[in-house]
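A.B. asks: Starting from these lines, generate the structure:
(chains A, B and C)
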Amino acid sequence: MNPLIALLVIVPITCALLLNLLHNKDRTIKIIATIIAIFLPIIPLFTSYGLHYFGAYSTLAQSPTLAQWVPSTITNSVLNLYHMGIVYSFGSAQQVLLIVLGIIAFLAIITSLNEIKRPSGVYAFLMFMLVAAVSAIILSDDIFNLYVFFEIAAIAQVGIIIASKIKGNYETALKYMILGSIASPLFLVGIALLLGITGNVNITDIAYSLKTGIINPQNPVLLMACGLIIFGWLYGTGLPPFHTIKSAVYSKALPHGAALLQAFSVFILVALGIVIFRIFSYIPFSKTFIIAISLAAMILSITMALMQTDFKRIIAFLAVGELGYIGIGIGLGTAYSITAGLFQAVNEAIITAFLFIGFGTIMYLTKETDIKKLGGMMIHYPKAALLVLLAGLAMAGVPPLNAFQSKFMLIQSSLNAGIPELGIIMILLSIVTFMTFMKAFYAIYMRPEPKELKINVSKIPKATIFSLVVFLIICLVLGLFPQIATNALQPLANSLI
Amino acid sequence: MIIGSQLASFFTAGALIIIGIYAALFLDNLIKKVIGLAFIGDGANLFIITMGYKLNGIVYIFLPGMSIDFFAQNASYPLPFALVLTSIVIGASTLAVMLGLIILLYKKYGSIKASKILGE
Amino acid sequence: MSLYDTIINKIKQIQEYDKENEPVTNIAASSTLAAEITLLSSILVAVIMLRYFSNALMIVAVILVVAIAFFAMPIMPKLKREQNDSLNSMIFYIIIALGIITALFYWGNIHV
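C.D. replies: Numbering: from 1, shown residues only, chains lettered A, B, ... in the order given. Now for the predicted structure:
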């Protein structure tokens, strides 16, 4: 029993509730939010690996004091090995994912406290609840617990969009809720089908019972469950057909909120993708489908990104398109490709947060997001321009930054699997991604300034520059020493095969 | 033809989900769309709770004087009830947020047609 | 408006018989060209992957893609207009995707 694992979820929830109560007391909110946000990446560093049982007992086989009260018809069957209660599992891969999530949350929260005129307790509540929900989704070994936190995260996301005061945000929030209310109950029906067939909501037990043949794996109900759970996964992550609403959601939130929202999408793609792989990888069509939908995500989103005129929409479509790389890594199904996919997820979360906060400075300074009306920002803010340029190079996969290592691993794994076309498409779309970024960068920073452009605020807050520099340092460190992340992610990939 | 109550409940849950998807897709009034979405959630909840049906089963409360073997053989499945309770609460809170947003949008646009508010 | 009229209007719209004339900037034109080339080349390379299922299927698919691209160019403006922000088109594509996923997984009997 490891209490720090439970604290990973309880600390953000408690802080969120506290900050909600303290709304309107600006200084207290700033101090408490900054202190707890510093702890968010630090707690996973000190947590030891293992399982945490919320029912206080693991299995009947490992609790002889409990097993003596249970009739032998139960202890002599497979029920002896099933977990009782909700289980959270913390390994090296979850540690890396939670540290990255903590860093992104910390930087997004301090950026939001310094860019908004009056720090809002309710906005901080929403961001901390989103962090708690994503942490629980990464840790949870119980599929219904995952669904509950998935729904909490959906409502927190809607709250973050509503709080942004950008034109059209209420409509986008309502559209997102309507589409979510179609997709989530169907995801729940998929979970219910799994429960009905296997009698279990614990993922380890379901995978065990399918692998050892206690439940017939060829049962057609399991095929339906696979289809519905994959449909719910598409909604959570923003793969097609949900890519348009996801990019609308990113563009209607404030940039630091969008940085946290895209971290949610990336981590739920990883967490639910690993769950789907663990339970359903014996169905070959599931892996083919994951590869196909990831390809569709990349192609549709990156071509749409080229056609946009609002720079937040451009970055939003690029963020949705980059998720396809992670999906290809998971869909190829070898240990090397899953490690590459997980590493790409870590890099994508950091780089997209870097881009959102970097381009968000433009919105903070000029309140203008149409690239036809912007220009010449490099003269006023050369340091910010350099940082944003490095973020774009990172997204394109330029060495020595981090996405180069992960995209290289992905292309190599697709060649090893014997499907070179995936490698060709990945390289082609990386080039087009870079071209799209350079189009936005040129239009905002490099071409002459239009006369009508008004810069309302003269200085970018120090917290924003600090966030951008920290992101850049992480990108450089992961690019030069990728073993820091891949050695931690590899045990999870090896355990799936 | 007489169908058992579990099979009839599964059919009802399926019918609720289909009616809900029809309402969310085809009806133009926003409140009717939201009612359809509530139908989809209700259908999913009915589906889960029907999973716990046991023919001639007893309520899963271990009364004093009951033997463990009798309880284990005859109790209906207790897990779906806990899941459905959580799911109903989640559905209610999502519904509340959606209705609040509709009130705000009605004040802004003066109409409740989805094609006007959420169209292009 | 009846369902028949809606369908006819939609087909006319896709065939661009009712064009709206709005000014186009240089950046928008070159972006559309780049997006067009990207879309066609990545779809062609993706279709070549069908060789794992059957060679004949791949040849038919490649010829179909080239023919459709030839007759329906430019694809990108139509694709952009179709992926708009309206709720009705989003729900339509989502229900179609749900139907395709359910049909493929449940009745597909696919062992690929």
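
A.B. asks: List the buried residues for stretch A:219-239?
C.D. replies: A:222-239 (16 or more other Cβ atoms under 10 Å in any protein chain shown). No exception for glycine: its C-beta is placed from N, CA and C like everyone else's.

A.B. asks: Could you pull up the residues touching the closest residue to chain C within the stretch 151-300 of chain A?
C.D. replies: Taking Cβ to the nearest Cβ, chain C has its nearest neighbour within the stretch 151-300 of chain A at A:Gly227, 3.4 Å off. Counting by Cβ atoms under 8 Å, 6 or more residues apart in numbering or on different chains, A:Gly227 makes contact with A:Gly190, C:Ile101, C:Thr102, C:Leu104, C:Phe105, C:Tyr106.

A.B. asks: For A:Tyr88, the count of nearby residues, please.
C.D. replies: 23 (other Cβ atoms under 10 Å in any protein chain shown).

A.B. asks: Would you convert the contacts of A:Gly227 into TSV that also reports neighbour count?
C.D. replies: Formatted as TSV, the contacts of A:Gly227 follow (neighbours: other Cβ atoms under 10 Å in any protein chain shown):
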residue	neighbour count
A:Gly190	23
C:Ile101	20
C:Thr102	17
C:Leu104	17
C:Phe105	24
C:Tyr106	15
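
A.B. asks: Go through the residues you listed and flag which are in helices.
C.D. replies: A:Gly190, C:Ile101, C:Thr102, C:Leu104, C:Phe105, C:Tyr106 (DSSP state H).

A.B. asks: Pretty sure the fifth one sits against A:Ile229.
C.D. replies: No: assessed by Cβ atoms under 8 Å, C:Phe105 is found out of contact with A:Ile229, at 10.1 Å.

A.B. asks: what's downstream of the helix of greatest length in chain B, the next helix or strand?
C.D. replies: Of all the segments assigned as helix in chain B under DSSP H, the longest by residue count is helix B:79-109. The helix or strand immediately downstream of helix B:79-109 is helix B:114-117, counting by DSSP states H and E.

A.B. asks: List the single closest residue to the residue nearest the centre of chain B in space, sequence neighbours excluded.
C.D. replies: Chain B has B:Asp42 as the residue nearest its centroid, 1.6 Å off, counting by Cα atoms, centre = their mean. Leaving aside its chain neighbours, B:Asp42 sits nearest to B:Leu16 (5.6 Å; criterion: Cβ to Cβ, 6 or more residues apart in numbering or on different chains).

A.B. asks: check contacts around the one you found.
C.D. replies: Applying Cβ under 8 Å, 6+ apart, the residues contacting B:Leu16 are B:Phe39, B:Ile40, B:Asp42, B:Gly43, B:Leu46.

A.B. asks: Could you count how many residues lie near the second one?
C.D. replies: B:Ile40 is flanked by 26 other residues according to other Cβ under 10 Å.

A.B. asks: Quick check, pLDDT for B:Ile88.
C.D. replies: Turning to B:Ile88, the model gives it a pLDDT of 96.

A.B. asks: What parts of chain C come near chain A?
C.D. replies: C:25, C:27-28, C:31-32, C:34-35, C:38-39, C:41-43, C:45-46, C:48-49, C:52, C:76, C:79-80, C:83-85, C:87, C:90-91, C:93-94, C:96-98, C:101-102, C:104-106, C:108, C:110-112 (Cβ under 8 Å from any Cβ of the partner chain).

A.B. asks: same check, this time on chain B
C.D. replies: Residues of chain B lying near chain A (Cβ under 8 Å from any Cβ): B:17, B:21, B:24, B:30, B:33-34, B:37, B:40-41, B:43-44, B:47-48, B:51, B:68-69, B:72, B:79-80, B:83, B:86-87, B:90-91, B:93-94, B:97-98, B:101-102, B:104-105, B:108, B:117-118.

A.B. asks: what about the lowest-mean-pLDDT helix or strand in chain B, distance to the chain center?
C.D. replies: Every helix and strand in chain B was compared by mean pLDDT, DSSP states H and E; the lowest is helix B:68-74, with a mean of 85. Relative to the centre of its chain, helix B:68-74 is centred 30 Å away, using Cα atoms, centre = their mean, to the nearest Å.

A.B. asks: Please enumerate residues in contact with that helix?
C.D. replies: With Cβ under 8 Å, 6+ apart as the criterion, helix B:68-74 contacts A:Trp69, A:Val70, A:Pro71, A:Thr73, A:Ile74, B:Lys54, B:Asn56, B:Gly57, B:Ile58, B:Tyr60, B:Phe62.

A.B. asks: buried sites along the strand or helix carrying the fifth one?
C.D. replies: Right, A:Ile74. Take DSSP H and E as the rule and A:Ile74 turns out to sit in helix A:72-75. Buried residues in helix A:72-75, counted by 16+ other Cβ under 10 Å: A:Thr75.

A.B. asks: neighbouring contacts of that helix?
C.D. replies: A:Leu60, A:Ala67, A:Asn80, B:Asp69, B:Ala72.

A.B. asks: thought A:Pro240 was touching C:Ala97?
C.D. replies: Yes: at 7.3 Å, A:Pro240 and C:Ala97 qualify as touching, with contact defined as Cβ under 8 Å.

A.B. asks: Check which element follows the helix holding A:Ile74 along the chain.
C.D. replies: strand A:87-90.

A.B. asks: what is the mean pLDDT for that following strand?
C.D. replies: pLDDT averaged over strand A:87-90 gives 93.

A.B. asks: burial count for C:Ile96?
C.D. replies: 11.

A.B. asks: what do you get for A:Asn169?
C.D. replies: A:Asn169 has 21 nearby residues by other Cβ under 10 Å.

A.B. asks: for it, what are its contacts?
C.D. replies: With Cβ under 8 Å, 6+ apart, A:Asn169 has these contacts: A:Ile161, A:Ile162, A:Lys252, A:Ala253.

A.B. asks: who touches the residue nearest to A:Asp26 when sequence neighbours are not counted in this structure?
C.D. replies: Sequence neighbours aside, A:Pro119 is the residue nearest to A:Asp26 in space, at 5.5 Å (criterion: Cβ to Cβ, 6+ apart). A:Pro119 makes contact with A:Asp26, A:Ile29, A:Lys30, A:Ala33, A:Ser112, A:Leu113 under the criterion Cβ under 8 Å, 6+ apart.

A.B. asks: C-alpha coordinates for the least confident helix or strand of chain B, CSV please?
C.D. replies: Output of helix B:68-74 as CSV, limited to C-alpha atoms (Å, rounded to 0.1, in the frame of the first residue of the first chain):
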residue,chain,number,x,y,z
ILE,B,68,-22.9,-17.7,3.0
ASP,B,69,-23.6,-20.5,0.4
PHE,B,70,-27.3,-19.5,0.1
PHE,B,71,-26.3,-15.9,-0.4
ALA,B,72,-23.6,-16.7,-3.0
GLN,B,73,-26.0,-18.9,-5.0
ASN,B,74,-29.1,-16.6,-5.0
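
A.B. asks: Thank you kindly, that will do.
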